[in-house]
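>>> Sequence first, predicted coordinates after that:
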Amino acid sequence: MVKKSVMMKKNKSKINYPGWELKFFDRSKNFRQYQLELMKKYIKGNVAEVGPGNGMNLNSYLGLPLKINLYEPTPRLFKNLKKNFNSIKKILFYNKKFDGSKKKYNTILYLDVLEHIKDDQKEINKAFTSLKRGGSLIINVPAFSHLYSQFDKDVGHHKRYEKKDFDHLISKLKVKDFEYIYYDSIGYLLSLMSKMLITNYKKNFGNKIKLWDSLIWISKITDKLLFNCFGKSLIVIIRK
């Protein structure tokens, strides 16, 4: 049995992330399920998730790992995590940034987190060092710089990513192999239309997210037909 632990020290590793958009995206069950389908075979053993927010991604993969370490530096979100998952014995909670400690993991997850970190190179280096040999670093990010919008700016995204960005980020790492997967082609088209045509993206924001999530089944079909050549999101799987 794994003893649960909480690290609540007041230090500079805590941040104040508003996360106003999470209450809308946390309800996107179809998207979460699709995302899990693309990465679940790599989630195993001792897992760390960096920036789990309210734990909605955790809900989707909870049954796969043996142990889970959650690193959530925002006090409000950390409190929600503890409230929702405190009874699950295999989870350890850390109210701080991922520090690249001496712990080694089979899988490390950054799900819609890396775009919030200014020094992404340092973060990836740190995470890769914390992987066990044969382990996987799984990163999900918003895709394509030409889709960067006021929404991205408002929620603290430093950038949107393309494959070439990760070619550079992992170029100096001793990577065994890696895989890039663009996905959610319908989401890409909706994002492009929103940027070009909608001046106030916050108007009826919740309904727009519901509509997008209801169309994920179409993305699952078109992504395959188009060989995942584009999409609203990009999954990167880096193996050590």
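Here it is on my side, so go on. Numbers count the residues shown, from 1 in each chain.
>>> Where does pLDDT dip in the protein?
1-16, 18, 101 (pLDDT under 70).
>>> Which strands border the host helix or strand of Phe93, and is each parallel or antiparallel?
Following DSSP states H and E, one finds Phe93 within strand 91-94. Paired strands of strand 91-94, with direction, are strand 6-7 (parallel), strand 67-71 (parallel) (DSSP bridges).
>>> Mind putting these into TSV with distance to Phe25?
For the C-beta atoms, the positions are set from N, CA and C on the backbone; glycine is no exception. Output for the strands paired with strand 91-94, formatted as TSV (distance: least, C-beta to C-beta, whole Å):
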stretch	distance to Phe25
strand 6-7	26
strand 67-71	18
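>>> deepest of these, which one?
strand 67-71 (a mean of 22; mean count of other C-beta atoms under 10 Å).
>>> same for the following helix or strand past that strand, what does it pack against?
With elements assigned by DSSP H and E, the helix or strand that comes after strand 67-71 is helix 75-85. Packing partners of helix 75-85 (3 or more C-beta pairs under 8 Å, 6 or more residues apart in numbering; DSSP states H and E): strand 91-94.
>>> quick one: the helix or strand that the strand it packs on is followed by to chain centroid distance?
Next helix or strand after strand 91-94 toward the C-terminus (DSSP H and E): strand 105-111. Counting by C-alpha atoms, centre = their mean, to the nearest Å, strand 105-111 is centred 10 Å from the centre of its parent chain.
>>> Cross-check the contact I'm expecting between Glu72 and Asn95.
Yes - with contacts counted by C-beta atoms under 8 Å, Glu72 reaches Asn95, the gap being 6.5 Å.
>>> Find residues that contact each of these two.
Phe78 (C-beta atoms under 8 Å, 6 or more residues apart in numbering).
>>> Quick one: the helices in the protein, in order.
Counting by DSSP state H, one finds helices in the chain at the ranges 22-25, 29-39, 56-61, 75-85, 120-129, 150-154, 163-169, 185-197, 205-214, 216-225.
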